[in-house]
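Student: the following comprises the amino acid sequence and a computationally predicted model.
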Amino acid sequence: VTVLNRFTTSSNHRLIGANIEISTNVERRKMVKKKTKSWIHPADDTVFRQFLDGKMGNMSAPSDMNELNDKIVNTIRQAKNKFCPKNEKEQRMSPETKIKMEERRNMASD
C-alpha cells in the first residue's frame, strides 16, 4: 500500500494505491469440495460384518447398476446408523441446571 504524492482536493483525504492478490484457486476449491464426515469405527467389528454379510447375502443382483449401487449404499448406511457410535455434542448446561432454571421460572410466575 502506498500513499500517492501530492494530489490537490478540497478535503484532507489522501489517495492510496494498493495491489491485492487473492488466491482464487484455494477459495474455489474450498467452495466446491464437499466436507465429509470422518469415519467412526464400529464398537464391534464382527457384528458389523455379520450384519453387512446378512443383508448383502440376501440381495439379488439387479440388472441396473444404479439400483445395485442404491441397495449397497442403503445397506451400509443402515449398518453405520445401527453399529457406529455417534459423536454427540456436549451439552452446555447439565440436566440439573435445566431443572433448577425451570423451578426458578415457576417461582417467578407465581
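Tutor: Yep, that arrived.
Student: contacts only, for A79.
Tutor: Shown in contact with A79 (C-beta atoms under 8 Å, 6 or more residues apart in numbering): 42, 48, 51-52, 55. Where C-beta positions appear, they are placed from N, C-alpha and C, glycine not excepted.
Student: one more pass at 10 Å, please.
Tutor: 42, 47-52, 54-56 (C-beta atoms under 10 Å, 6 or more residues apart in numbering).
Student: N106 now?
Tutor: No residues are in contact with N106 under the rule C-beta under 10 Å, 6+ apart.
Student: for it, phi and psi?
Tutor: Note on N106: its backbone torsions stand at phi -60, psi -40 [degrees, to the nearest 10].
Student: ranges for the strands of the protein?
Tutor: 2-3, 16-17 (DSSP state E).
Student: which of the ones you listed comes out lowest on mean pLDDT?
Tutor: Here the strands of the chain differ in mean pLDDT, and the lowest is strand 2-3 at a mean of 66.
Student: got any ranges where this structure has weak pLDDT?
Tutor: 1-14 (pLDDT under 70).
Student: what's the longest helix in it?
Tutor: helix 65-83 (DSSP state H).
Student: which positions in that one come out as buried?
Tutor: 71, 75, 79, 83 (16 or more other C-beta atoms under 10 Å).
Student: what's the neighbour count on S60?
Tutor: 6 (other C-beta atoms under 10 Å).
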